[in-house]
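Colleague: below are the sequence and a predicted model; questions follow.
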Amino acid sequence: MRPGGLTTLAVINGIFALWKLFEALSSGVALGMAFMVKSQGKGPENMPDLEEMLEQSGMTLDLYMINSGIVLGVNLLIVPLLICSLIGYLKQKRVLGKWMGNLYGLVATAGGIAVIYFLYQHNNNLVNMFHVMGLVYPLLTLFVLNISFRKDLVR
Amino acid sequence: MMSGLNLKHLILIGTSSNRNSIRSGAGIVVILLTFFVGLMMAGAILTPIEMGKAVIGNGGAKPSPEEEEKMVNTVVDGVRSLVIWLMGGESPFSDKKSPEPLEKWADYLMKDRPALLSGVLLLLFTVLPTIFAVGSFNQTTGDIATRGLRYLLPRTERVNLYFGRFLGTTVYSLISISILVVIVVFYIGLKLKMYAWGELISWGVWALAAYAIVSLPYIAFYSWMSGMMSSSFAAFITCLLGALYGPTLSLFSRFSGNLEMLQFVGYLKYLSPWGIQAYLFHHDIKMVIMATSLCLFYTGMFLFLGYRRFATRDL
C-alpha cells in the first residue's frame, strides 16, 4: 500500500511543475525581450524602457539576460523531472520515482545555488529570501526520498 | 491518574509518531508551510533593505555609508512601527503616540537588539499558533476515528500514548522552527552584515527558547482537542479556531475603538497564551518570568483537561 506521504509529494510535485512551467515561460518572454533590446536598441512599442526599468532595480541588461537564461534552462530541465517523479511516486517506481526525484532534487538545488552565486558575485543585494525559498522543496525531496521513503520506491 | 507512565514508552511513541507523520504526508506539509510562511515573512522585512541597497549600489558602485544608513533607518523605522502595532500600540498610520512603556519596549527590541531580526521574530510569533495547529491536530484523532489505538492499548498505557504523542509533536515542531530561525540568523549575518554575530546568535537562541515555551500551551491545547474529537476534520477546524482566537480578539478589540462596552473583549485574549506571549521578548526579566510561568500554567491546565478526557473515553 502506498504511504500517504508519497501521494502528498506527488500532489506538491504537480503544483511545483505548473509553477516552474509558468516561471520558464515568463523567463523565455523576458529573455526574448532582452535580446530584442540588445539587438535593435529598443523594445516593443508601447512598452516601458526595459533598460531603464532594470537600472531602477539595480540590474544591467547583460546580467538580466544571463540570469533569465539560467532560470529558463534549469526550469526546462526540472519540469519533466517533476512530472516523471510525480508518476513514479504514485506507482512507487524505482527509476521513475526514486531516481527521477533525486535527480530533480540535485538539479534544482544546483540550479538554485548557481543563480544565487551568480547574482551574489555581481551585486549581492540582488539575492533575496525568495532565492533561499527555492531551495526548500528540492532539499526536502532529497531528504524524504532517501530517508523516509527509501524502502517504498522499489517496483 | 498518571500511573503507568514510562519514559521508554514515551520516547518510542513520540519517535514513531513523528516518523508516521512524515510517512502520512502531514509532516511534509508542516515543514513546507513552516519554511514558506517563515521565509516569506522574513523576506517581507528584509527585501526592502536589499532592494534599496541594490538600487543605490546599481552597476556595482558601492553606496556611500550615509546613503546606506539613511535607507536602512527608513526601513528600521517602518519595522519599529510594525513591532509597536504587533505589541498592542498605535497603528503605523496613526499620528498618536503609543504609551511610554511600549515605546521603551520597542526601543529595546530595535536599538539594544538587532532590529531586523526582532521584526522577523515578532512577525513569526503571530503565525506560530496556526503552524502548530496544522502540525498537531491529528495527534490522536485519526487513530481514534479508525480505532487504530486499540492495537496499542494491550502494549502500553493511555498515559504514554497521550503524552508520548504530545512530546513527539512538540519536538517535531521545534526542530522545524529551529532550522527556520537558524536560516534567518545566518542570512542576516552573512548577507546584510549589519550586526555582530554574537548579538545575532544570542538573540536567535533567546527566540528559540521563547518559541519552545510558547509552543507548549498551544500544542497542549491541540492535544486536548485531538483527543476529544472523533473526526480529524472536526479536530482540524477546532484547532484552527483555537489558533485564531487570540488574533481575532486582539483585532476586534482594536477596531472597537472607544466603545467602552466592547473593550472588555480585548481582555478575553488572556484566556489563551496569545495575550502574554509577546512578553517573552520583554526587556524586563520579571515580565519574561511572568510570561513563562503563565505559559507553563496554561500547558499544565490544557494537558490535565485533555488527559482527563482521553483517559476515560471510548477508543
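Modeller: Cool, got the structure.
Colleague: buried residues of stretch B:193-204, list them for me.
Modeller: B:194-195, B:200, B:203-204 (16 or more other CB atoms under 10 Å in any protein chain shown). C-beta coordinates here come from the backbone N, C-alpha and C atoms, glycine included.
Colleague: and the strand or helix carrying A:Ala24 with chain B, contact?
Modeller: Applying DSSP states H and E as the criterion places A:Ala24 in helix A:4-40. Yes: Helix A:4-40 is in contact with chain B by CB under 8 Å from any CB of the partner chain, via A:4-9, A:12.
Colleague: just send the buried residues of stretch B:193-204 back as a markdown table, with pLDDT too.
Modeller: Shown next, in a markdown table, are the buried residues of stretch B:193-204 (pLDDT from 0 to 100):
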| residue | pLDDT |
| --- | --- |
| B:Met194 | 83 |
| B:Tyr195 | 86 |
| B:Leu200 | 92 |
| B:Trp203 | 93 |
| B:Gly204 | 93 |
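Colleague: before we move on, the earlier item: give the rounded mean pLDDT of the helix holding A:Ala24.
Modeller: Mean pLDDT, helix A:4-40: 89.
Colleague: look up how far chain B lies from A:Phe143.
Modeller: 9 Å (CB to the nearest CB, to the nearest Å).
Colleague: what helix or strand is that residue located in?
Modeller: Short version, using DSSP H and E: A:Phe143 is in helix A:136-143.
Colleague: check the offset of that helix from the chain's centre.
Modeller: When distances are taken as CA atoms, centre = their mean, to the nearest Å, helix A:136-143 is centred 13 Å away from the chain's centroid.
Colleague: that helix packs against which elements?
Modeller: helix A:4-40, helix A:100-122, helix B:26-56 (3 or more CB pairs under 8 Å, 6 or more residues apart in numbering or on different chains; DSSP states H and E).
Colleague: repeat that for 6 Å
Modeller: Other elements packing on helix A:136-143 under the criterion 3 or more CB pairs under 6 Å, 6 or more residues apart in numbering or on different chains; DSSP states H and E are helix A:100-122.
Colleague: now do the helix it packs on, average pLDDT.
Modeller: 90.
Colleague: that helix vs helix A:136-143, what angle?
Modeller: Angle of helix A:100-122 versus helix A:136-143, following axes from the mean of the first three to the mean of the last three CA atoms, to 10 degrees, is 140 degrees.
Colleague: please name every helix or strand in contact with helix A:100-122.
Modeller: helix A:61-91, helix A:136-143.
Colleague: centre of the chain to that helix, how far?
Modeller: On CA atoms, centre = their mean, the centre of helix A:100-122 falls 8 Å from the chain's centre.
Colleague: could you tell me which residues of the stretch 1-150 of chain B lie near chain A?
Modeller: B:22-25, B:28, B:35, B:39, B:42-43, B:46-47, B:50, B:53-55, B:58 (CB under 6 Å from any CB of the partner chain).
Colleague: give me the residue from the stretch 201-315 of chain B nearest chain A.
Modeller: B:Ser232 (12.1 Å; CB to the nearest CB).
Colleague: what pLDDT does the model give that residue?
Modeller: 88.
Colleague: how near is it to B:Thr140?
Modeller: Using CB to CB, to the nearest Å, B:Ser232 is found at 10 Å from B:Thr140.
Colleague: leaving aside the residues next to it on the chain, what's closest to the spatially most central residue of chain A?
Modeller: The centre of chain A sits closest to A:Asn75, judged by CA atoms, centre = their mean, with a distance of 4.3 Å. Distances taken as CB to CB, 6 or more residues apart in numbering or on different chains place A:Ala24 nearest to A:Asn75, at 3.7 Å, with adjacent residues excluded.
Colleague: run through the residues that contact the one you found.
Modeller: A:72, A:75-76 (CB atoms under 6 Å, 6 or more residues apart in numbering or on different chains).
Colleague: show me where the stretch 151-300 of chain B dips below the pLDDT cut-off.
Modeller: B:254-263, B:265-266 (pLDDT under 70).
Colleague: what segments of the stretch 1-150 of chain B are helices?
Modeller: Listed in chain order, the helices of the stretch 1-150 of chain B (DSSP state H, counting those that start in this stretch) span B:7-23, B:26-56, B:65-86, B:100-107, B:115-136, B:141-145.
Colleague: output the contacting helices and strands for the fifth one.
Modeller: If contacts are counted by 3+ CB pairs under 6 Å, 6+ apart, helix B:115-136 sits against helix B:26-56, helix B:65-86, helix B:158-187, helix B:197-228, helix B:232-255.
Colleague: equivalent analysis for the last one, please.
Modeller: Applying 3+ CB pairs under 6 Å, 6+ apart, one finds that helix B:141-145 makes contact with helix B:232-255.
Colleague: the longest one too?
Modeller: For helix B:26-56, the helices and strands in contact under the criterion 3+ CB pairs under 6 Å, 6+ apart are helix A:129-133, helix B:65-86, helix B:115-136, helix B:158-187.
Colleague: and these: which comes nearest B:Pro247?
Modeller: Among the helices and strands packed on helix B:26-56, helix B:115-136 comes nearest to B:Pro247, with 6.7 Å by CB to CB.
Colleague: report the angle between that closest one and helix B:100-107.
Modeller: 90 degrees.
Colleague: gap between helix B:115-136 and the chain center?
Modeller: 4 Å.
Colleague: with stretch B:190-202 instead?
Modeller: 22 Å.
Colleague: quick one: is it near chain A?
Modeller: No: remark: stretch B:190-202 sits outside contact range of chain A, by CB under 6 Å from any CB, the gap being at least 6.7 Å.
Colleague: number of residues surrounding A:Glu55?
Modeller: By the criterion of other CB atoms under 10 Å in any protein chain shown, A:Glu55 has 15 neighbours.
Colleague: which strand or helix spans it?
Modeller: helix A:50-56.
Colleague: show me what contacts A:Lys31?
Modeller: One correction, residue A:31 is Leu, not Lys. A:Ser68.
Colleague: run the last query once more with 10 Å
Modeller: A:Leu31 makes contact with A:64-69, A:71-72, according to CB atoms under 10 Å, 6 or more residues apart in numbering or on different chains.
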